[in-house]
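Trainee: structure of the sequence below:
(one chain, ligands or ions: 1)
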Amino acid sequence: MLGQTYRKQLLEQMTLREKAAELSQLWGENPDGTLMGLRHGFQKSTHLMDHAGSFLGFNGAELVLEAQRLHMEANTHHIPLLFMTDVIHGYKTIFPSVLGIGTTWDPALAEEMASVAAAEAAVSGVHVTFSPMADLVRDARWGRVTESTGEDPYLNSLFTAAFTRGYQGDGIDKPLHIASCVKHFAGYGAAEGGRDYDSTQIGDYSLYNDYLPAFSSAIDAGCELLMPGFNALNGMPCTCNRTLLQDILRDDLQFKGIVISDCTAIWELVPHGVCADNAEAAKRSFEAGIDIEMVSSTFYENLEKLVESGDISIEQIDAAVERILLLKDKMGLFENPYKDADPEKEKELHLCAAHRALARKAVAESAVLLKNDHQVLPLQEGEKIALIGPLSDSRELIDVWGLVNGEEKDCVTIREGLADQDILCVPGCHQWNLREIDAVHPSDDALMAEALQAAASCDKIVLALGEHPAMSSEAGSRSDLSLPANQLELLRALSCTGKPIITILISGRPLLVKEIADLSDAVLMAWFPGTEGGNGIADLLTGRCSPSGRLTMSFPRTTGQVPIYYNHLPTGRPNDTDKYESFKNGYIDIYPGPLYPFGYGLTYTEFDYSPVRLSTDQVICQDDTSAEPLLEASVTVTNTGTHEGTETVQLYLQDVAGTYSRPVRMLKGFRKVMLAPGENTVVTFPITADLLKYYIPGRGLTLEAGLFRVFIGSDAETSNKNEFTLTI
Ligand code: BGC
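Mentor: Predicted coordinates for the structure are as follows:
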């Protein structure tokens, strides 16, 4: 690190135009697919290219080495470029989609994954990743739920901190680490109707209690950058939302790092209807607190004029440039602009055996077993399997964000994974159209006949169904959460054969699985499992690993139920029955609860819980800033089945009467315990004042006296409870 004096000198030497370029991020790719800068710009360089502060999506060790070398020569002050890209759940070795990382309930694994991803990206010249995504998600129609760890603020917070630590390690100057950018600040996941880019309306109470904690946690873990959402929050686009980017982000959350706009989001302030033209968009977004403009060029085109006219102060420009120079300095780029970029290391690290092994472990930990009747799983030795369905031989096992840098050709298919574990698969049928999402479609008699023939000669059917990667992620919203109709038709036909059916679902979101579960004997939700998908899934099917994944989004019964989430507020007219009741909360036509709740997931064994024990039921808190536990809650968990298995023991609290209405349950702790058949263990949760506090508008984080319920069990619907009274 060269230090503040060096950076100050640089700042003094830079012209205003150069500063505006430093605040601009160029897209590495030209619209015709050629790379900007290297093939065009660095030979025919422009002022903007020579002085731009960063590039998006321009990576690969050789390209970066060359581009950085040319840039350092062309840039008047020899300021190195930052190379940024989306390393979301792996770089070349692709791990399960983020929703699948969430269902591992294993932040330590997420940290390890992020550190592997950082290493693979760093040797390809990447300096910054746009991850983690901290968006809370409650509506599976929104395609970007695949990028979130789910609907719970507590769990999401553990994961955003883990991702950040994994990427940044002990310091971003250290080898094989990169800087992390948390996104999309804030509330983007609450897009109306689940439509991407749509407006969000979130009051302060929910913003602070539900949507901000995961951002705050990444910031506390040292996250260097932050990206505002595309959405308008309460009528004000986040990109020019001063309250959000100053009062909340800088003052309340104490964020000191760089704020980078989302891709072309500053241009989008015009169609958002808050700016008349690009000049106004530059002014409003810069004033609100954006430091770097991604891809659009309004800063470069307008900031000089805006300073000259007195609309923007030079001090504010300098503060933004200084933040960027500081990041470059912290990474050691002034001393070594190439950092870890190294073609030889790429060969050594990308998709290496250790990285693949971790990815395989992550797949086995992330898949959620939704149903397993008559112990149809695990498969038994010698059983003849018909592997059928569009995803049985497919390498389309990576979601869209994984494909930014990862490649399908590197994926292990489910058939390959099973073959590797000597599972005998009769030839199956796999040519079904994954992209078919219309209710009406031409059925394919030949394919159906082939599938039925395969089924006839087998002991069990393994049916791999799901979504195409393009059906989720950004701009991947759906109005109907059903499987494509032709796949359901295939399942229906196979169910008539009477053969046991094990359905594997590959998907970027919770789907409507009622009919699928009814027609299948077992259902394994495998998300987009990534490069080692086939191996990790086979590990579970064969029993080499025992399923332990738990849902982090509630599974609805119909699309009409979304948004659906376990930690909702009570109403004045709760319905505690499972039937419709007049003038009570719910629907006339359907049970309002989820098909599968948050926290749910089966294993190959069974667990028994003792009643919840509390160290006291009368708690007095004299110092609400103390980290000492106020009480302890514990249970004894016993493996009552015949297999070894991992149970995820979950602690939920309910604040029965607060100043504000409090959620019916809130996850506040969990432990994963591995038990042999017959074995038991005591799981104890310390309950601190912090776990009981919540944000009250105007008062901040507050501890309130009163009755609290403590639930401990295997999902959010557990009835195993006790209670205590808090006096303060
Ligand atoms: C997405 C961001 C992403 C950026 C850069 C945008 O469209 O919303 O999440 O980081 O592109 O690729």
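Trainee: what strands line up against the least confident helix or strand in the chain by mean pLDDT, and which way round?
Mentor: Taking mean pLDDT, DSSP states H and E as the measure, the chain has strand 424-426 as its least confident helix or strand, at a mean of 84. Using DSSP bridges, strand 424-426 pairs in its sheet with strand 384-388 (parallel).
Trainee: wait, residue 391 sits on residue 465?
Mentor: Yes: counting by Cβ atoms under 8 Å, residue 465 is a contact partner of residue 391 at 6.5 Å. C-beta: built from backbone N, CA, C; applies to glycine.
Trainee: the more surrounded of these two?
Mentor: Shown here are residue 391 and residue 465; by other Cβ atoms under 10 Å, residue 391 has more neighbours (32 against 26).
Trainee: and residue 570, how many neighbours does it have?
Mentor: 13.
Trainee: gap between it and residue 580?
Mentor: According to Cβ to Cβ, to the nearest Å, residue 570 and residue 580 sit 18 Å apart.
Trainee: skipping adjacent residues, who's closest to residue 613 in space?
Mentor: Nearest non-adjacent residue to residue 613, counting by Cβ to Cβ, 6 or more residues apart in numbering: residue 634, 5.1 Å away.
Trainee: what sits against that neighbour?
Mentor: 612, 613, 682, 683, 684, 685, 712 (Cβ atoms under 8 Å, 6 or more residues apart in numbering).
Trainee: and the residue in the stretch 101-250 of the chain that the ligand sits nearest to, how close does it get to residue 86?
Mentor: Of all residues in the stretch 101-250 of the chain, the one sitting closest to the ligand is residue 130 (3.4 Å; Cβ to the nearest ligand atom). Taking Cβ to Cβ as the measure, residue 130 and residue 86 are separated by 5 Å.
Trainee: next, give phi and psi for the residue of the stretch 101-250 of the chain closest to the ligand.
Mentor: Main-chain dihedrals, residue 130, degrees, to the nearest 10: phi -90, psi 70.
Trainee: neighbours of it, just the number please.
Mentor: Residue 130: 24 surrounding residues under other Cβ under 10 Å.
Trainee: please apply the same query to residue 517.
Mentor: So residue 517, with other Cβ under 10 Å, has 18 neighbours.
Trainee: ditto for residue 680
Mentor: For residue 680, the count of nearby residues is 15 (other Cβ under 10 Å).
Trainee: look up the residues forming beta bridges with the closest residue to it other than its chain neighbours.
Mentor: Distances taken as Cβ to Cβ, 6+ apart place residue 638 nearest to residue 680, at 3.8 Å, with adjacent residues excluded. Under DSSP bridges, the beta-bridge partners of residue 638 are residue 608, residue 680.
Trainee: okay, and residue 164 sits in which element?
Mentor: In the assignment (DSSP states H and E), residue 164 maps to helix 153-168.
Trainee: run the chain-centre distance for that helix.
Mentor: Between the centre of helix 153-168 and the centre of its chain there are 10 Å (Cα atoms, centre = their mean, to the nearest Å).
Trainee: now the element after it, going C-ward?
Mentor: As assigned by DSSP H and E, the chain's next helix or strand after helix 153-168 is strand 179-185.
Trainee: got the contact list for that next one?
Mentor: For strand 179-185, the external contacting residues (Cβ under 8 Å, 6+ apart) are 84, 114, 127-135, 160, 163-164, 167-168, 172, 215, 218-219, 223-231, 238, 244-245, 249, 260, 262, 327, 331.
Trainee: so the residue of the stretch 101-250 of the chain closest to the ligand touches residue 121, yeah?
Mentor: No: between residue 130 and residue 121 there is no contact under Cβ under 8 Å: 11.4 Å.
Trainee: quickly list what's touching both of the two.
Mentor: The contact sets of residue 130 and residue 121 overlap at 85, 87 (Cβ under 8 Å, 6+ apart).
Trainee: ok so, going back, would you enumerate the residues in contact with the residue nearest to residue 680?
Mentor: Taking Cβ under 8 Å, 6+ apart as the test, what residue 638 contacts is 607, 608, 675, 678, 679, 680.
Trainee: phi first, then psi, for the third one.
Mentor: So that's residue 675. As for residue 675, its main-chain torsions (degrees, to the nearest 10) stand at phi -130, psi 140.
Trainee: gap between it and the ligand?
Mentor: 40 Å (Cβ to the nearest ligand atom, to the nearest Å).
Trainee: repeat for the fourth one
Mentor: Distance, residue 678 to the ligand, using Cβ to the nearest ligand atom: 48 Å.
Trainee: helix or strand: which one has that residue?
Mentor: Residue 678 is part of no helix or strand when elements are defined by DSSP H and E.
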